[in-house]
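Participant: the amino acid sequence is not available; the structure is as follows:
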């Protein structure tokens, strides 16, 4: 049995899957160590991938050669594009998944990957030599030598399940929890905190009355997560349903709120703000007379239906009573109860911008261990940490993504620079350059970087080149000046758009909000039909041209601060002019640049001005 590896990845959830695949694909001998082989790529909560902000992450994972987008396309049962009533910056894909098939698809990718071995076992200790990672020990007594480790332990560290007054020391879905790793991390000088999340009940499909609910269809034609599927997908989609809570539901919750672990004081961990329990919704939003509840299939081979929006940790009999007040669920049978789960995680400000623990060289972390929530956030971190672990072992320069490079860059910077007092969730509002970082152009932004890392196939790269060439060719043709012909005047009049008396370039015409490329194509012989993804890019570039240029100029201005480095061993307590709080925060995080320093909570604009003066003086005192 092989006991020596380049890298050991601990945990096989969404973070561990992407981390281990990235390391192996970059040529490193990799071990994926998991508590249970049946939990590889498991979805213990929502049977969905994507959503607002999260869909951007999945597209970026795919553009960088990750697995999540491909696995989702292969096993989804419904797909919808969210926020279509708004601009393209916030369009986000969300897919309902077949949970079992997704797990099987991901497990198969792990098992077939060259350079990757997966085995079941519990990591209980991370050994170091001269301060750097040297081995991972398991409870069975195996010792796996390695040069780096990626910790992707999810919600399993000292986890506890709670339902009303009842609790059990357990991982999600009745899985074993990790017993020894929390203490091992403390031995390495890592301080842990306690977070909490939860999940709703699952009910039996055949006991529901769908005639009392609103049907929710998927999009046709079906879009895809992966850029390897540019023409979308052809599949028969399942339906979801929408129902609502009512005053009866709310009264039951109010009468039993003292039995909720979050309100009784039984849970002291910090819960997620952006995925509140139904108890929190009713108590904190008392003015609302109803809340949306989506009924979503967990797969095509099961009767289980997920009650989305109804997360709860109230006692079993109360959950059943609440569910029976929902239209269509009056006679439902509960197959799994909702529960809360609390677990250990670390303060991500101990990580550098490579996601390596600063004081433990070779130890990288990713996913919910870093204080985040969600499958997509975990997978994005796993891919990023896996890439950097591989580069660390190879002795090559690390891989950085800035806030203007992608949502993954925003995620990494938010966690390592700002930290998080509660489970972190990606949202489009966190991204200041979101018009540049759309989900539709993730490949144009990131796939070249993935090629340099050796993470993508020639097939994927050829798709990128074809898309780039198509965009450039179309822009060249749109640069042509056209006179105001009768046919053009008739079209522009029909959509209520004026036309300059002297005519305009085709690109200038396309800038008009109501003008579409397909219409110009029918009017001008020099234009050619475009691939769907190329036409999408052309229309976005035209319709938002001024705004895009404004954001690009903003990025260029910010680059001056991002490109002003700060010494890694600088003692900020010795710099006169900095406030005490700024000195403490800067010494704790040790930012790599003035730009990163400017985003640290407690560092003021005045402190940044002081740092800029010191950078010009070579950090000598005035």
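Facilitator: Alright, I've got the coordinates. Source: prediction; values computed, not measured. Numbers count the residues shown, from 1 in each chain.
Participant: which residues does residue 470 contact?
Facilitator: 530, 531, 534 (CB atoms under 8 Å, 6 or more residues apart in numbering). C-beta: built from backbone N, CA, C; applies to glycine.
Participant: let me know the helix or strand that residue 21 is in.
Facilitator: helix 14-25 (DSSP states H and E).
Participant: just the ones in helices from the contacts of residue 470, please.
Facilitator: residue 534 (DSSP state H).
Participant: before we move on, the earlier item: and the next element down the chain from the helix holding residue 21?
Facilitator: strand 30-34.
Participant: what's that following strand packed up against?
Facilitator: strand 7-10, helix 14-25, strand 116-120 (3 or more CB pairs under 8 Å, 6 or more residues apart in numbering; DSSP states H and E).
Participant: let's have the ones you listed in a markdown table, adding distance to residue 312 and mean pLDDT.
Facilitator: Shown next, in a markdown table, are the helices and strands packed on strand 30-34 (distance: least, CB to CB, whole Å; pLDDT from 0 to 100):
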| stretch | distance to residue 312 | mean pLDDT |
| --- | --- | --- |
| strand 7-10 | 31 | 98 |
| helix 14-25 | 24 | 98 |
| strand 116-120 | 32 | 98 |
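Participant: out of these, which comes closest to residue 462?
Facilitator: Taking CB to CB, helix 14-25 is the member of the helices and strands packed on strand 30-34 nearest to residue 462, at 18.2 Å.
Participant: and the angle for that closest one with strand 30-34?
Facilitator: Put simply, helix 14-25 runs at 160 degrees to strand 30-34, going by axes from the mean of the first three to the mean of the last three CA atoms, to 10 degrees.
Participant: tell me the gap between helix 14-25 and the middle of its chain.
Facilitator: On the basis of CA atoms, centre = their mean, to the nearest Å, helix 14-25 sits 15 Å off its chain's mean C-alpha point.
Participant: show me what stretch 67-74 is in contact with.
Facilitator: Against stretch 67-74 from outside (CB under 8 Å, 6+ apart): 14, 17-18, 21, 41, 49-50, 58-59, 61-62, 95, 97, 101-102, 105-106, 109, 224-229, 233, 375-376, 379.
Participant: again, only this time at 7 Å
Facilitator: 14, 17-18, 21, 49, 58-59, 61-62, 95, 97, 102, 105-106, 109, 224-226, 228-229, 233, 379 (CB atoms under 7 Å, 6 or more residues apart in numbering).
Participant: I'd say residue 581 and residue 602 touch.
Facilitator: Yes - the criterion here is CB atoms under 7 Å, and residue 581 meets it with residue 602 at 4.5 Å.
Participant: helices or strands up against the helix holding residue 21?
Facilitator: Helices and strands touching helix 14-25, by 3 or more CB pairs under 7 Å, 6 or more residues apart in numbering; DSSP states H and E, are strand 7-10, strand 30-34, helix 99-112, helix 375-394.
Participant: what's that helix in contact with?
Facilitator: Contacts for helix 14-25 (CB under 7 Å, 6+ apart): 7, 9, 30, 32, 40-41, 61, 65-68, 106, 109-110, 113-116, 150, 152, 366-367, 375, 378-379, 381-383, 385-387, 389-390, 454-455.
Participant: drop anything exposed from those.
Facilitator: 7, 9, 30, 32, 40-41, 61, 65-68, 106, 109-110, 113, 115-116, 150, 152, 366-367, 375, 378-379, 381-383, 385-387, 389-390, 455 (16 or more other CB atoms under 10 Å).
Participant: next, the angle helix 99-112 makes with the helix holding residue 21.
Facilitator: 30 degrees.
Participant: residues in contact with stretch 229-236?
Facilitator: Contacts for stretch 229-236 (CB under 7 Å, 6+ apart): 73, 221, 222, 223, 224, 463, 531, 532, 533.
Participant: residues of it that come out buried?
Facilitator: So for stretch 229-236, counting by 16+ other CB under 10 Å, buried means 229, 232, 233.
Participant: residue 227 falls within a strand, correct?
Facilitator: No - using DSSP: H, G, I helix; E, B strand; the rest coil, the assignment for residue 227 is coil, not a strand.
Participant: which residue, other than its chain neighbours, is closest to it?
Facilitator: residue 443 (4.5 Å; CB to CB, 6 or more residues apart in numbering).
Participant: which residues are in contact with that neighbour?
Facilitator: 63, 227, 464, 467 are the contacts of residue 443 under CB under 7 Å, 6+ apart.
Participant: how about CSV for these, with neighbour count and distance to residue 273 added?
Facilitator: Supplementary listing: the contacts of residue 443 in CSV, determined by neighbours: other CB atoms under 10 Å; distance: CB to CB, whole Å:
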residue, neighbour count, distance to residue 273
63, 28, 29
227, 23, 32
464, 19, 37
467, 20, 38
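Participant: looking at the residues you listed, which are in helices?
Facilitator: Within these, residues falling in helices by DSSP H are 63, 464, 467.
Participant: phi, psi of the residue nearest to residue 227?
Facilitator: Phi and psi for residue 443, reported as degrees, to the nearest 10, are phi -70, psi -40.
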